[in-house]
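**Q** Compute the structure for the input listed below.
(2 chains)
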2 protein chains.
Amino acid sequence: MPRPSVTEAETPYPEHLRDMVEEYLEGLTFSSSDHLELQEMAGTEGLVDAMRHSLLAGGKRIRPVLALATAESLGQRAEDLLPAAAAIELVHTYSLIHDDLPAMDDDDLRRGRPTCHVLFGEDTAILAGDALFAEAVQLVAEHQPGSAETRVGILREISRATGVAGMVGGQYLDLKDAGQESPDALRRVHALKTGRLMSCAVHCALVLARPEPAVDTALRRFARELGLLFQIVDDILDVEGSEEDLGKAVGADARQGKITYVSVHGIAEARRLAGEAHGRALACLSALPGPTGDLVDITDLTYLRQH
Amino acid sequence: MPRPSVTEAETPYPEHLRDMVEEYLEGLTFSSSDHLELQEMAGTEGLVDAMRHSLLAGGKRIRPVLALATAESLGQRAEDLLPAAAAIELVHTYSLIHDDLPAMDDDDLRRGRPTCHVLFGEDTAILAGDALFAEAVQLVAEHQPGSAETRVGILREISRATGVAGMVGGQYLDLKDAGQESPDALRRVHALKTGRLMSCAVHCALVLARPEPAVDTALRRFARELGLLFQIVDDILDVEGSEEDLGKAVGADARQGKITYVSVHGIAEARRLAGEAHGRALACLSALPGPTGDLVDITDLTYLRQH
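**A** Coordinates of the predicted model:
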């Protein structure tokens, strides 16, 4: 990987925020506290099992941790953005479940575990993804602290980041190999497919904290650079990573003839581009007034990660 | 059908509300007015075509029309609930697209037209459903008139009606033939699968208008009875309807061994149950102070419809 002298294991990461996210996700049972409603839901446990199988597969939880670290850098309590941060992880999980379906990328393995449809069937996997999206919206609408304006603002960010001009639009472009046309088209596909939801994590913190315009602008630029960095490193790992580290088959992009930063630019240039994005992301952070240590760690880990 | 002396064609329906919904849905292009964002979205037109193919297939638009008629009965302007009403139709459409997928009900025909995956491929159909859900949330978050509290309240209703304790939970139960266990289990499956989104249309109007408790209670009960009526008639039509009227193959439930009101109770008893639900729904309306003519027409048409 880019800087082999420093390993991922040595890179600090805001583990306290990851633990907070993990514990919150573990607590989501997607059932009601209303007795009558619980009776109506009887029999949906298998659906919840499928949702939780994919949701609780571990990982760095980079999107929610990014949301919480951004909130803290803006003087907010991490707890006060937890429902929105978790909602973003639910949306991310739903997109992975649908992406792995036979009609899509047809992946059997994710984070070292069987994918949702392998374990629960294609029909249940489609519904598990759908339900995670609905539960994400509900989480924000019902449990996000702050004013109704804050909750609507966060739902606006999440829905914009996931619709046609966001994640799902990017998945569609990727499906249609739109990235093949030009390096700019490739950047565009990834900006929608992975960049928008990553940025959304930062934007949700901005909705909560409403900082002054200069800070807002710097953090939005940081979010874009981090998303770009994340995708370039993803493409490098698909070529250079180990299956053991990644928990999934490597070389899938090349086998599927996918256009990636590596296939377009070659590995050396892809590494250089990652280094540049890393540098630009850190430069954005250096302009901020608040504590940015956790955001720097997240940026470094995104650069140095092995999976 | 239940009362063969009165035909569906003779039953009045709030066509002005349907026209309002249809025009609004036609105007949804799911693209941005922001020039930079439009550039990023280039190439997603095929996804939007798939979404609009299924969204603009016509029909009675019973859910959004019900939302608007309820709003008017509470002294609100129909226009002021149009984004929420349209959002419910987007959600309904996404559920049909996913329901028709080969891994689910595997239907080729819907409203007399090829289903989304037949025309656009399974992968695009999955994404078209996903995108419709995201765009539904965005529609309410960005365009619903009223306070932020109203918008959050409506998104709470929509997400609750579609999650594990709602539509998707009901689809899962249906998939697992949970309705087979008992008549009560059958009622439960349908209450979640079709009832919750139908009720949601009424609830959204209640969020906007905030009527006094007695009116609120009567309308919630009306919504439940209408949802039940809708489902029983659906099951009867699958046995007695004509393919030409329905725009889809009849007898699909029996071929798939589905448990329905007809398979459980027989056709005569199913008709009687429909008549009872129709009567109870009308009784709820008669207790309301506002103009309920359109709601009565919707209830009658739900009872007498041929498709």
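
**Q** quick one: low-confidence parts of chain A?
**A** For chain A, the stretches with pLDDT under 70 are A:1-9, A:242-250, A:255-256, A:307.

**Q** what about the strands in it?
**A** For chain A, the strands defined by DSSP state E cover A:109-110, A:113-114.

**Q** and the nearest residue to A:Ala281 once chain neighbours are set aside, how far is that from B:Arg224?
**A** Nearest residue to A:Ala281, sequence neighbours excluded (CB to CB, 6 or more residues apart in numbering or on different chains): A:Glu225, at 3.9 Å. C-betas here are computed from N, CA, C, even on glycine. Going from A:Glu225 to B:Arg224 by CB to CB, to the nearest Å gives 51 Å.

**Q** for A:Ala185, same thing?
**A** Distance, A:Ala185 to B:Arg224, using CB to CB: 50 Å.

**Q** ditto for A:Gly43
**A** A:Gly43 sits 20 Å away from B:Arg224, going by CB to CB.

**Q** Any residues of the stretch 151-300 of chain A in contact with chain B? List them.
**A** Counting by CB under 8 Å from any CB of the partner chain, the residues of the stretch 151-300 of chain A close to chain B are A:151-152, A:155-156, A:158-160, A:162-166, A:168-169, A:171-173, A:175-176, A:178, A:185, A:188, A:191-192.

**Q** In helices, which of the residues you listed appear?
**A** Among these, DSSP state H puts A:151-152, A:155-156, A:158-160, A:162, A:168-169, A:171-173, A:175, A:185, A:188 in helices.

**Q** Can you name the two of these that sit furthest apart?
**A** Maximum pairwise distance in those, criterion CB to CB, is 35.7 Å, between A:Arg151 and A:Ala185.

**Q** neighbour count winner among these two?
**A** A:Arg151 (27 against 18; other CB atoms under 10 Å in any protein chain shown).

**Q** ok, back up a step: doesn't A:Ala274 make contact with the residue nearest to A:Ala281?
**A** No: with contact defined as CB atoms under 8 Å, A:Glu225 does not count as touching A:Ala274 (10.8 Å).

**Q** distance of A:Glu122 from A:Cys200?
**A** In terms of CB to CB, A:Glu122 sits 28 Å off from A:Cys200.

**Q** Next, the contact list for the nearest residue to A:Val91 once chain neighbours are set aside, please.
**A** Excluding its sequence neighbours, the residue lying closest to A:Val91 (CB to CB, 6+ apart) is A:Ala136, at 5.1 Å. The contact partners of A:Ala136, by CB atoms under 8 Å, 6 or more residues apart in numbering or on different chains, come to A:Ala86, A:Ala87, A:Ile88, A:Leu90, A:Val91, A:Tyr94, A:Ile158.

**Q** could you redo the last one with a cut-off of 6 Å?
**A** A:Ala87, A:Leu90, A:Val91 (CB atoms under 6 Å, 6 or more residues apart in numbering or on different chains).

**Q** what about the last one, neighbour count?
**A** Neighbour count of A:Val91, defined by other CB under 10 Å: 26.

**Q** for the first one, same thing?
**A** Counted with other CB under 10 Å, residues neighbouring A:Ala87 total 28.

**Q** ok, now how distant is the nearest residue to A:Ala287 once chain neighbours are set aside from chain B?
**A** Of all residues not flanking A:Ala287 in the chain, A:Ala218 sits nearest, at 4.9 Å (CB to CB, 6+ apart). In this structure, A:Ala218 and chain B are 19 Å apart, going by CB to the nearest CB, to the nearest Å.

**Q** ok, now which ones touch A:Ala218?
**A** Counting by CB under 6 Å, 6+ apart, A:Ala218 touches A:Cys284, A:Ala287, A:Leu288.

**Q** Now A:Thr115: phi and psi?
**A** Main-chain dihedrals, A:Thr115, degrees, to the nearest 10: phi -70, psi 170.

**Q** Can you verify my assumption that it contacts A:His98?
**A** No: contact between A:Thr115 and A:His98 fails when scored by CB atoms under 6 Å: they sit 10.6 Å apart.

**Q** ok, those two, which is more surrounded?
**A** A:His98 (28 against 25).

**Q** list the contacts for that one?
**A** A:Gly129, B:Ile126.

**Q** swap the cut-off to 7 Å and go again
**A** A:Met104, A:Gly129, B:Ile126, B:Asp130 (CB atoms under 7 Å, 6 or more residues apart in numbering or on different chains).

**Q** OK, contacts around the third one?
**A** By that I understand B:Ile126. A:His98, A:Leu101, A:Ala103, A:Met104.

**Q** can you do 8 Å?
**A** The neighbours of B:Ile126, taking CB under 8 Å, 6+ apart as the test, are A:His98, A:Leu101, A:Ala103, A:Met104, A:Ile126, B:His98, B:Leu101.

**Q** Please apply the same query to the second one.
**A** Each residue near A:Gly129 by CB under 8 Å, 6+ apart is listed here: A:Tyr94, A:Ser95, A:Ile97, A:His98, A:Cys116, B:Asp130.

**Q** so which pair among the residues you listed is furthest apart in space?
**A** Counting by CB to CB, the most remote pair of the contacts of A:Gly129 is A:Cys116 and B:Asp130, 14.8 Å apart.

**Q** Against A:Ile158, how distant is the residue nearest the centre of chain A?
**A** Geometric centre of chain A, nearest residue: A:Arg63, 4.4 Å, by CA atoms, centre = their mean. As judged by CB to CB, A:Arg63 and A:Ile158 stand 11 Å apart.

**Q** Now do the shared contacts for those two.
**A** With CB under 8 Å, 6+ apart, A:Arg63 and A:Ile158 have common neighbours A:Ile88, A:Cys200.

**Q** how much space is there between the residue nearest to A:Ala281 and A:Ser199?
**A** A:Glu225 sits 10 Å away from A:Ser199, going by CB to CB.

**Q** go on, A:Ala281?
**A** Noted for A:Ala281: a distance of 12 Å to A:Ser199, by CB to CB.

**Q** List the contacts of the residue of chain A positioned farthest from its centre.
**A** Ranked by distance from the centre of chain A (CA atoms, centre = their mean), the top residue is A:Leu36, with 35.2 Å. Not one residue lies near A:Leu36 by CB under 8 Å, 6+ apart.

**Q** Chain B contacts on the stretch 1-150 of chain A?
**A** A:30-32, A:37, A:39-44, A:46-48, A:51, A:94-95, A:98, A:101, A:103-104, A:121-124, A:126-127, A:129-131, A:133-135, A:137-138, A:141-142, A:147-149.

**Q** let's see 6 Å
**A** Taking CB under 6 Å from any CB of the partner chain as the contact definition, the stretch 1-150 of chain A meets chain B at A:30, A:32, A:37, A:40-41, A:43-44, A:47, A:98, A:103-104, A:122-123, A:126-127, A:130-131, A:133-135, A:137-138, A:141-142, A:148-149.

**Q** now those: which count as buried?
**A** Among the residues of the stretch 1-150 of chain A next to chain B, the ones that count as buried by 16 or more other CB atoms under 10 Å in any protein chain shown are A:30, A:32, A:40-41, A:43-44, A:47, A:98, A:103-104, A:122-123, A:126-127, A:130-131, A:133-135, A:137-138, A:141, A:148.

**Q** so who does A:Asp216 touch?
**A** Counted by CB under 6 Å, 6+ apart, A:Asp216 has contacts A:Leu206.

**Q** and the gap between it and B:Gly179?
**A** Applying CB to CB, the value for A:Asp216 to B:Gly179 is 52 Å.

**Q** Buried residues, the longest helix anywhere in chain A. List them.
**A** Longest helix in chain A, counting residues (DSSP H): helix A:213-240. Within helix A:213-240, the residues that qualify as buried are A:215-216, A:218-219, A:221-239, counting by 16+ other CB under 10 Å.

**Q** Could you do stretch A:168-177 as well?
**A** Buried residues in stretch A:168-177 (16+ other CB under 10 Å): A:Val168, A:Gly169, A:Gly170, A:Gln171, A:Tyr172, A:Leu173, A:Asp174, A:Leu175, A:Lys176.

**Q** Helices of the stretch 51-200 of chain A, start to end?
**A** A:62-73, A:82-100, A:116-120, A:122-143, A:148-162, A:167-175, A:183-190, A:196-209 (DSSP state H, counting those that start in this stretch).
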